[in-house]
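K.L.:
With the input below, show me the fold.
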Amino acid sequence: MEIQGKRILVIGSSNTDMTARTETLPLPGQTLLGGEFTSGPGGKGANQAVAAVRLGGEAALVCKVGKDSFGDEAVRHYAGEGLDTSLVLRSDKPSGVALINVDAKGENAIVVAPGANMDWTEEDIDSIAPAIRSAGILLMQLEIPVPSVLKAARIAHEAGVTVVLNPAPYAPVPEELFRYVDLFIPNETELSCYAGIPVNDLESAKKAAVIMIGKGVRKIIVTLGSKGSLITDGVTEFRVEPVRVEPVDTTAAGDTYCGALCVGLSEGMSLEEAAAFASRASAISVTRPGAQNSMPYRSEM
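P.N.:
Okay, the predicted model is just below:
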């Protein structure tokens, strides 16, 4: 893929993850005394941006946080990671948080209060339009309002910027969006939802990918978990085999993959080479616990 510049602009969500461990998950109306409590940064947009900068990418993050202590700490953290935070937006709504209960068996119950993440406006996109147009790659997900994703993708497409969309979590989107997407990175479940057919093996993934190409997407990488990934433009296809590791925690493995892939592309790697690079990065991330804490640095690659 031809990239017009090295700068990776990530537009997406920022959350604070607050996790409490208990022997069992609470029943309705029940109060439990828990064990370990941890708190740390999260959100798919922030995760992917941190992955990119740790792996050597020139990355900037555009997210929207509240005018509160969670927002202040998030911005400090992102700057400390080396991200350009000059475009971070502030909202009168509280910063996004995820409340996570994890029991002794590893089962969890999660409530996300998106707060400022859902407070994007057309004016917000207008304010960052110059940064979008000057980027080499625009990387987005679907944890902010879809109209904002659509408008940012349209601006980038018209400026010749490579648009990469990781459609997670799944959300209905207008068909127009696909015409602006250069690289679509769904997993099997997300691909099934958008293509409208079941995706449960390699052959069905190929058929669904062709459907998405017909909707306007230029290239697709279907992430297949332990089966690696499939790259296709509807005519040619390429498989990237998984890196075999003993997984400890798969949290944010997909976010690591997306950030790493964009770094590879920004450095002039072919799509196949960038996908292999991303597979190695995500394999490292699953060998240790946490989201951003698990993401590798370039020296570890």
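K.L.:
Neighbouring strands of the helix or strand of the chain with the lowest mean pLDDT in the sheet, and parallel or not?
P.N.:
Ranked by mean pLDDT, DSSP states H and E, the weakest helix or strand in the chain is strand 108-113, scoring a mean of 84. Take DSSP bridges as the rule and strand 108-113 pairs in its sheet with strand 96-102 (antiparallel).
K.L.:
CA atoms of the partner strand as CSV?
P.N.:
Written as CSV, here are the backbone C-alpha positions of strand 96-102 (Å, rounded to 0.1, in the frame of the first residue of the first chain):
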residue,chain,number,x,y,z
GLY,A,96,-15.2,7.3,30.0
VAL,A,97,-14.7,4.5,32.5
ALA,A,98,-15.1,0.7,32.4
LEU,A,99,-16.1,-1.0,35.6
ILE,A,100,-14.9,-4.6,35.5
ASN,A,101,-15.5,-7.5,37.9
VAL,A,102,-13.4,-10.6,37.5
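K.L.:
Which parts of this protein are helices?
P.N.:
Assigned by DSSP state H, the chain shows helices spanning 44-54, 69-81, 122-127, 129-133, 146-158, 188-195, 202-214, 253-266, 271-285.
K.L.:
Which elements pack onto the fourth one?
P.N.:
It stands for helix 129-133. Secondary-structure packing of helix 129-133 (3 or more Cβ pairs under 8 Å, 6 or more residues apart in numbering; DSSP states H and E): strand 8-11, helix 146-158. C-beta coordinates here come from the backbone N, C-alpha and C atoms, glycine included.
K.L.:
returning to that earlier point: and Y180, which of the helices of the chain is closest to it?
P.N.:
helix 146-158 (3.9 Å; Cβ to Cβ).
K.L.:
which stretches of this protein have low pLDDT?
P.N.:
Across the chain, the ranges flagged by pLDDT under 70 are 106.
K.L.:
same thing but 50
P.N.:
Along the chain, no part satisfies pLDDT under 50.
K.L.:
possible to save the helices and strands packed on helix 129-133 as TSV with distance to N200 and mean neighbour count?
P.N.:
Formatted as TSV, the helices and strands packed on helix 129-133 follow (distance: least, Cβ to Cβ, whole Å; neighbours: other Cβ atoms under 10 Å):
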stretch	distance to N200	mean neighbour count
strand 8-11	31	29
helix 146-158	27	20
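K.L.:
Tabulate those in JSON lines, adding columns for distance to S282.
P.N.:
Formatted as JSON lines, those follow (distance: least, Cβ to Cβ, whole Å):
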{"stretch": "strand 8-11", "distance to S282": "17"}
{"stretch": "helix 146-158", "distance to S282": "23"}
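K.L.:
Noted, bye for now.
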